[in-house]
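*Asks:* Structure, please.
(chains A and B)
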Amino acid sequence: MNRPATDEELIHRIARRDRAAVEALYGRHNVRIYRFVMRFVRNEAVAEEVTNEVFLDIWRLAGRFEGRSSASTWMLAMARNKAISQFRKRTEDGLDEHMAANIEDMSDDPEIVTQKGNKGMMIRQCMAALSPEHREVIDLVYYHEKSVREVSEITGATESTVKTRMFYARKHLGELLKDAGVDRGWP
Amino acid sequence: MSMSNNNPRSERDEIELMLPWYVAGTLAPHERRRVADYLAKDESLRTQLALIEEDRAETLLANEALGAPSAGALSRLMNRIDAETPAKAGVAAVAAGLWQKAGQFLDELSPAAVRWAAVAAVAVIFVQAIALGGLLTGGIGGARYQTASGERVAGAQSGTFVLVKFAETANAGQINDLLARSGARIVDGPTPDGMYRIRISDKKLSEAAKQSAIEALEKSTDITVQVLPAE
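*Replies:* The predicted model follows:
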């Protein structure tokens, strides 16, 4: 049985106008890209639209993919640029004030969660309270499993900055948990 | 960790910074060994590993809760791609590629080679002129004029055949690969509706074997859009 094509092979096929390769690449990556975009835009319809824009750009620009970074890193970097410009546009249009109110309603207040004794939910609640930069680096490292160099390529920050940003994200998360009554012994 | 712009980071600080990637398994092998060696002698850093594991597990759960694109998202994407792609892009791309290759071939020829090619071309035209003259006068061994469709490719009458319509986006390389993999050969076409007659075997296959071959061709949905049995 033939081995499945790698992401990079699919992109080279897309450069030769192979529609089936787009479908295969989409099947592999649409969920992760959608979730990455959702962190920025906080709106399902917008996140879906931005995700499709990313794959449309892959169709248009596949010939320029040089393989210096992995395909998923390339796609996440594209998704990030589009998500940020979409976020800015929505902020300028005043749409995100309404959105922010919805986020607040998404789960319980930290103190209520602690009372419920659900530590996991407490951690997720405090993660949501981190700055976008800290939240992003945590997602890229833990969920998208990106190396220091790859996070640097996606965010445009230096590798040294990526490491310290991740450290302070963890530290701030620990402090938020401590303030909410969950002392994990660090920091 | 205590960091300042004036002091270089200590070994411990460096290791502490790399712990999340150590837990995620995304460090290079030499970095992984370096962290593992240091952790073996520093209990306070080891206690952070459990916290990082906890944070990582909750990050995965938080992302899972973000959902996924709706079922119709892919078809909307493909519609947009189709809208951007001219219907004959595949054929046009192949034609452009062949033209470009021809241009490159001529560019690479030396002046001497071009002279010899010109002599050869004149010789071919001269021989053709004699042959045409002979046909018009009924000469050259009594040869008779025949239409191109009067006879199919040699040996094309026996064997097992199917009719195939190729995807407009399929290029020549993809079609050649598919034919090579299937042991098939185009013997006629295209018909006005774009079908090609393909010989899939030199022998007369059973109906079951023929159907199996048709299904194999149909699986290459990026290359074929229709495969039909033919006599």
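
*Asks:* pretty sure A:E23 contacts B:L74?
*Replies:* Yes: A:E23 sits in contact with B:L74 when judged by C-beta atoms under 8 Å, with a separation of 6.8 Å. (Each C-beta comes from the backbone N, C-alpha and C, glycine too.)

*Asks:* Could you chop chain B up by domain?
*Replies:* In the assignment given by automatic domain parsing, the structural domains of chain B cover B:11-64, B:89-136, B:154-230.

*Asks:* out of those, nearest to A:D18?
*Replies:* Checking the domains of chain B against A:D18 by C-beta to C-beta gives domain B:154-230 as the closest, at 5.9 Å.

*Asks:* What average pLDDT does that closest one get?
*Replies:* For domain B:154-230, the per-residue pLDDT values average out at 78.

*Asks:* where in chain A is pLDDT low?
*Replies:* For chain A, residues meeting the criterion pLDDT under 70 lie at A:1, A:94-117.

*Asks:* and the gap between A:E175 and chain B?
*Replies:* Between A:E175 and chain B the distance is 13 Å, computed by C-beta to the nearest C-beta, to the nearest Å.

*Asks:* Go ahead and list the helix or strand containing that residue.
*Replies:* In this structure, A:E175 sits in helix A:159-179 according to DSSP states H and E.

*Asks:* out of everything not next to it in sequence, what's closest to A:G120?
*Replies:* B:E58 (5.4 Å; C-beta to C-beta, 6 or more residues apart in numbering or on different chains).

*Asks:* pretty sure that neighbour contacts A:A128?
*Replies:* No: using C-beta under 8 Å, B:E58 and A:A128 do not qualify as a contacting pair, with a distance of 10.6 Å.

*Asks:* For chain A, what's the nearest residue on chain B?
*Replies:* At 3.4 Å from chain A, B:D222 is the closest residue in chain B, using C-beta to the nearest C-beta.

*Asks:* so what's that residue up against?
*Replies:* Contacts here follow C-beta atoms under 8 Å, 6 or more residues apart in numbering or on different chains; on that basis B:D222 touches A:18-21, B:167, B:169-170, B:174.

*Asks:* Is it part of a helix or strand, or is it coil?
*Replies:* When the structure is split into helix, strand and coil by DSSP: H, G, I helix; E, B strand; the rest coil, B:D222 lands in coil.

*Asks:* try B:L228
*Replies:* strand.

*Asks:* so who does it touch?
*Replies:* So B:L228 contacts B:162-164, B:195, B:214 (C-beta under 8 Å, 6+ apart).

*Asks:* Show me those residues that map onto strands.
*Replies:* Within the contacts of B:L228, residues falling in strands by DSSP state E are B:162-164, B:195.

*Asks:* Which stretches in the chain count as helices?
*Replies:* Answering for chain A, as no chain was given. With DSSP state H, the ranges of helices along chain A come out as A:7-15, A:19-41, A:44-61, A:71-92, A:95-104, A:110-116, A:119-128, A:132-138, A:148-155, A:159-179.

*Asks:* switch to chain B, that's the one I care about
*Replies:* Secondary structure of chain B (DSSP H): helices located at B:11-24, B:29-39, B:43-64, B:73-84, B:89-108, B:111-136, B:172-182, B:207-219.

*Asks:* Would you single out the least confident of the ones you listed?
*Replies:* Among these, helix B:89-108 scores lowest, at a mean of 54.

*Asks:* Please identify which residue in chain A comes closest to chain B.
*Replies:* Ranking the residues of chain A by distance to chain B (C-beta to the nearest C-beta) places A:A20 first, at 3.4 Å.

*Asks:* Grab the nearest non-local neighbour of that residue.
*Replies:* Ranked by C-beta to C-beta, 6+ apart and with sequence neighbours excluded, the top spatial neighbour of A:A20 is B:D222, at 3.4 Å.

*Asks:* thinking again about what came up before, could the helices of chain A go into CSV alongside distance to B:A208 and mean neighbour count?
*Replies:* As requested, the helices of chain A are arranged in CSV below (distance: least, C-beta to C-beta, whole Å; neighbours: other C-beta atoms under 10 Å in any protein chain shown):
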stretch, distance to B:A208, mean neighbour count
helix A:7-15, 33, 19
helix A:19-41, 28, 21
helix A:44-61, 40, 20
helix A:71-92, 41, 19
helix A:95-104, 59, 12
helix A:110-116, 63, 15
helix A:119-128, 57, 20
helix A:132-138, 57, 19
helix A:148-155, 51, 21
helix A:159-179, 60, 19
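
*Asks:* Now those in TSV, please, with extra columns for distance to B:V35.
*Replies:* As requested, the helices of chain A are exported to TSV (distance: least, C-beta to C-beta, whole Å):
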stretch	distance to B:V35
helix A:7-15	28
helix A:19-41	26
helix A:44-61	34
helix A:71-92	22
helix A:95-104	36
helix A:110-116	32
helix A:119-128	23
helix A:132-138	19
helix A:148-155	12
helix A:159-179	13
